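Novice: Show me the folded form of this:
(2 chains)
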There are 2 protein chains.
Amino acid sequence: MSSTKNPSEPSLQLAETKDWQQYIEEFRHAGHQTVDWIAEYLADTRAHPVLPSVRPGALIDALPASAPDRGGSFDALLDDFKKIVLPAVTHWNHPGFFAYFACTGSTPAILGEMIAAALNTNGLHWKTSPAVAELEHVALGWLREWIGLPSEFFGIVYDTASVSSMHALVAARELAEPEARENGSRGNLVVYTSDQAHSSIEKGGIAIGLGQKNVRKVPSDSLFRMRADLLREMIEADIASGMKPICVVATIGTTSSTSVDPVPEIANLCEEHNLWLHVDSAYAGPCAMLPEKRHFFAGMERAHSVVVNPHKWLLTPIDFSAFYTRHPDILRRAFSLVPEYLRASEDPRAIHLMDYGVPLGHRFRALKFWFVLRYFGRRGVEQFLRKQIQMAEEFADWVDRDARFERVAPVNFSTVCLRLKGSDDDNRAIIERVNATGKVFLSSTSLNNQIVLRVAIGNLGTTRADLELCWEIIRGAIC
Amino acid sequence: MSSTKNPSEPSLQLAETKDWQQYIEEFRHAGHQTVDWIAEYLADTRAHPVLPSVRPGALIDALPASAPDRGGSFDALLDDFKKIVLPAVTHWNHPGFFAYFACTGSTPAILGEMIAAALNTNGLHWKTSPAVAELEHVALGWLREWIGLPSEFFGIVYDTASVSSMHALVAARELAEPEARENGSRGNLVVYTSDQAHSSIEKGGIAIGLGQKNVRKVPSDSLFRMRADLLREMIEADIASGMKPICVVATIGTTSSTSVDPVPEIANLCEEHNLWLHVDSAYAGPCAMLPEKRHFFAGMERAHSVVVNPHKWLLTPIDFSAFYTRHPDILRRAFSLVPEYLRASEDPRAIHLMDYGVPLGHRFRALKFWFVLRYFGRRGVEQFLRKQIQMAEEFADWVDRDARFERVAPVNFSTVCLRLKGSDDDNRAIIERVNATGKVFLSSTSLNNQIVLRVAIGNLGTTRADLELCWEIIRGAIC
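Specialist: Numbering: from 1, shown residues only, chains lettered A, B, ... in the order given. Sure thing, here's the model as predicted:
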């Protein structure tokens, strides 16, 4: 590895000797090289192992401990990226990536990110870049319509679903206890979510000062859906003991099994007790545009807020989490804080994104997403989703026909949960052997207190042949 | 505007008819076009008005209310970007952008973002992309060394300084009241910052449930620096009345005037009372690498956490906020929460970024920053900073020699605060006229209860001629 230390001792001090035109022409040359590299990479991601075979710390050890004193050429830089950095990358683009929620970027989104990085424009408030606020408004309006949310839902983009859900919790607190903004949380506020909810709900509760114990885990039923009857009991018990319920987080497409909470019943309870209803559909949300999956989303339109992540299953590279709320006024009341140096237009049509959250800077993420929606169109996206759902159903069928395995949850969307009929150790061993092939990457979860393998389909490049290979490798990994 | 509705009714259903190779070749073609467009754009950003002349809502009105049913070609998409979206962009790249903190991207960073978008790799925990965690570790280590922080400081990248500072406040709470994680905030925790601190400190206090009134504003002196004597009095009064001080946020380079709080004295107080010291140097931080500016950063190494934003003044496009802490263990204690489906390597060298904050997804932001440091090198970055500081000092000199104007604060870094000797309305009128030219963009602030013009220099493309033009336009804008 020592030969890779200081690999590009440069002969040139770029910023000292080059004029602007030369600086631009160097970019043009390197930019074209990079586009060609990206095209080759995307054309054959299968050539890379999906999981890198590096040990922890190897990349750190391979790079110099200090930055270079002198600048280097683009050639040296791109060479080192390919030789030193790339072997430590996990290839989320690989068609054999079935771990977590398989996710997918796409070429129009890459172009959008290129342009956004070049513009480097920042939508703090309207005037600082009208295009950032307004293209976000338009693109989120398009998605809102696709997934069947009414037009009163206001959309904003945060980086991740964890951050979106944290904002939902703060808005819920603002609704229930507006004095918390000035005086702080009082320590008796309670949030409910199912025992299958994503850990980000608990983490959000910790961050905003509710406390982990005040994020109640409602038990789920045999299909991993929140039990609304127990939710009712828990809310009533908390009220009786002097606690103050503020929010229920329901999930449409849970992380472990893609189960769907009974949102209509939960919405009834929320309306009865005036609780904020937040629907986490970060993964499954795009399926709301498919009539045949629409039933899973019943009641979503009654939520106070909804999160859907185009950076999971809607062809948009990380980061892009779409947050919708019927109560932007409450979100603004919770977060707006405008010092003199950020004084903004009072025009009622001017959207000031800084008023709706913690981050002040606001990247032009809308551009990539607008490019995606334009390039694929509704039919293209629907076809993409349906193909992946169909592949998941076919995979489930293969599992069902092999008596050594059992399926652990229904395939509601594009994720199959299965296990070898055996011990947890047997199942863990399968995952280790599968992942060591470099051709497939699976992750596991726990359902009914047993280790379960998840095959999550979501990549634009995944074909039936990739899936067949995956099944062959899993079966071959049985001891 | 009606002619721009549905401007690219496509004749082609991309995802339905094209094979993968065609999909890639379309990207290659459009990618090369885009690189050329970026090169032309960066070669002559002055051709664009720095502030767009659009009215609020104009872009929304110019675009269709619904997404297209059918996909469209890259040509149509890029055409519409240039014709419809670009005229609504505020050009932060424009050499006449002197508002807020002028910031700057650079060409190596654009390449880095291109590749990161194409890889779409996500560093939740080590295995999900070793390169994300380890290149971030290396690049932040390089910057840490440049700015003179000891090696025990652990670095992580968040999106914005607002989010970085919010994490500092949660870590401070974890240090002072570890039971808050489980039980929630108790409502008696207090944070101190100066009356010149950025609004994000208050906003962070609101979000995490401390309450706005418990973010105390310590008065500043005639040079806009926090008064440590009053800080001491306030801490002692709060303790006497049963409140629990947990944190002081000091600023090196405040937003309004770039003033510098007396960090050594504040650090003494923090050590005496066991308070978390967070240093916000989001803007000025890179200057810590210059020996002639080093005195402003005295005591920074005694902080518990420090934030520096390369996406402001270190050639890196938004977003990239570098957060350093001497107590990663406390940050991890505050935020680590690992469900079965995110179980991660127990190798002591495996860095799991999800353990250190609210967001779970972690974009490969390190790549662009590593490219920047490699391309420019230490000498290139130092030369860049010094040139801009020198321009600011020269501008200040011009102001000082015009008796109609007064300077309101010292030029500690690259920002000049000035005002016409006249009313606030006179000064507001100047800003409006200046900004209407499309050649220069200034923002204002309030210092000593008067409206003040800020000329913030920070763009790689800004030359002395741009600055001369700015001064000419300001003087020409006097009624």
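Novice: CA only for contacts and neighbour counts going forward, please
Specialist: Fine.
Novice: so A:K368 touches A:E113, yeah?
Specialist: Yes. Applying CA atoms under 8 Å as the test, A:K368 and A:E113 come out as touching, 5.8 Å apart.
Novice: Mind listing the shared neighbours of the two?
Specialist: Overlap of the contact sets of A:K368 and A:E113 (by CA atoms under 8 Å, 6 or more residues apart in numbering or on different chains) is empty.
Novice: what's the domain layout of chain A?
Specialist: As given by automatic domain parsing, the domain ranges for chain A are A:12-43+A:52-88, A:122-363.
Novice: any chance of the ones you listed in CSV, plus mean pLDDT and mean neighbour count?
Specialist: Formatted as CSV, the domains of chain A follow (pLDDT from 0 to 100; neighbours: other CA atoms under 10 Å in any protein chain shown):
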stretch, mean pLDDT, mean neighbour count
domain A:12-43+A:52-88, 91, 18
domain A:122-363, 97, 22
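Novice: so can I have JSON lines of those domains showing distance to chain B?
Specialist: Below are the domains of chain A laid out as JSON lines (distance: least, CA to the nearest CA, whole Å):
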{"stretch": "domain A:12-43+A:52-88", "distance to chain B": "4"}
{"stretch": "domain A:122-363", "distance to chain B": "4"}
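Novice: could the ones you listed go into a markdown table alongside distance to B:T90?
Specialist: Shown next, in a markdown table, are the domains of chain A (distance: least, CA to CA, whole Å):
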| stretch | distance to B:T90 |
| --- | --- |
| domain A:12-43+A:52-88 | 21 |
| domain A:122-363 | 5 |
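Novice: Let me know which of the ones you listed is the nearest to B:S185.
Specialist: With CA to CA, the closest approach to B:S185 among the domains of chain A belongs to domain A:122-363: 4.9 Å.
Novice: gap between the two ends of the closest one?
Specialist: End-to-end distance for domain A:122-363: 5 Å, by CA to CA, to the nearest Å.
Novice: could you pull out the helices for the stretch 201-350 of chain A?
Specialist: A:228-240, A:263-273, A:310-313, A:328-335 (DSSP state H, counting those that start in this stretch).
Novice: Can you name every helix or strand that the longest one contacts?
Specialist: So that's helix A:228-240. The elements that helix A:228-240 packs onto, with contact taken as 3 or more CA pairs under 8 Å, 6 or more residues apart in numbering or on different chains; DSSP states H and E, are strand A:215-218, strand A:244-251, helix A:263-273.
Novice: Can you give the contact residues for it?
Specialist: Contacts of helix A:228-240 (CA under 8 Å, 6+ apart): A:Y192, A:V218, A:P219, A:K244, A:P245, A:P262, A:E265, A:I266, A:L269.
Novice: so how far is the first residue of stretch A:204-213 from its last?
Specialist: 12 Å.
Novice: quick one, what contacts the residue nearest to A:M289 when sequence neighbours are not counted?
Specialist: Among residues not flanking A:M289 along the chain, A:I147 sits closest, at 4.7 Å (CA to CA, 6 or more residues apart in numbering or on different chains). Residues in contact with A:I147, defined by CA under 8 Å, 6+ apart, are A:G285, A:P286, A:C287, A:A288, A:M289.
Novice: repeat for A:T415
Specialist: Counted by CA under 8 Å, 6+ apart, A:T415 has contacts A:F101, A:S257, A:T258, A:A392, A:R454, A:V455, A:A456, A:I457.
Novice: And A:D280, by the same measure?
Specialist: By CA under 8 Å, 6+ apart, the neighbours of A:D280 are A:S165, A:V249, A:A250, A:T251, A:I252, A:G253, A:V306, A:V307, A:V308.
Novice: and with 6 Å instead?
Specialist: Under the criterion of CA atoms under 6 Å, 6 or more residues apart in numbering or on different chains, the neighbours of A:D280 are A:T251, A:V306, A:V307.
Novice: Specify the beta-bridge partners of it.
Specialist: In this entry, A:D280 is beta-bridged to A:T251, A:V307, by DSSP bridges.
Novice: what separates it from A:T193, distance-wise?
Specialist: 10 Å.
Novice: same deal with A:P219?
Specialist: 9 Å.
Novice: cool, and A:A133?
Specialist: According to CA to CA, A:A133 stands 32 Å off from A:T193.
Novice: now swap in A:A250 and tell me
Specialist: Counting by CA to CA, the gap from A:A250 to A:T193 is 6 Å.
Novice: Which neighbours do those two have in common?
Specialist: Residues touching both A:A250 and A:T193 by CA under 6 Å, 6+ apart: none at all.
Novice: the strands in the stretch 101-250 of chain A, which residues?
Specialist: For the stretch 101-250 of chain A, the strands defined by DSSP state E, counting those that start in this stretch cover A:154-158, A:189-194, A:215-218, A:244-251.
Novice: which residues are in contact with the shortest one?
Specialist: In this case it means strand A:215-218. By CA under 6 Å, 6+ apart, strand A:215-218 touches A:V191, A:Y192, A:T193, A:S194, A:D195, A:E202, A:L231.
Novice: in the stretch 351-479 of chain A, which spans are helices?
Specialist: A:366-400, A:424-436, A:464-476.
Novice: What average pLDDT does the last one get?
Specialist: For helix A:464-476, the mean pLDDT works out to 97.
Novice: One more: the second one?
Specialist: Per-region confidence: helix A:424-436 scores 97 on mean pLDDT.
Novice: Do I have it right that A:L331 meets A:A171?
Specialist: Yes. Using CA atoms under 6 Å, A:L331 is in contact with A:A171, at 5.2 Å.
Novice: And the contacts of A:T415, which is closest to B:S446?
Specialist: Nearest to B:S446, judged by CA to CA, of the contacts of A:T415 is A:F101 at 48.2 Å.
Novice: Nearest spatial neighbour of that closest one, chain-adjacent residues omitted?
Specialist: A:A456 (5.5 Å).
Novice: So that neighbour sits against A:F98, correct?
Specialist: Yes. Assessed by CA under 6 Å, A:A456 is found in contact with A:F98 at 4.6 Å.
Novice: Stretch A:178-190: end-to-end distance?
Specialist: End residues of stretch A:178-190 are separated by 15 Å (CA to CA).
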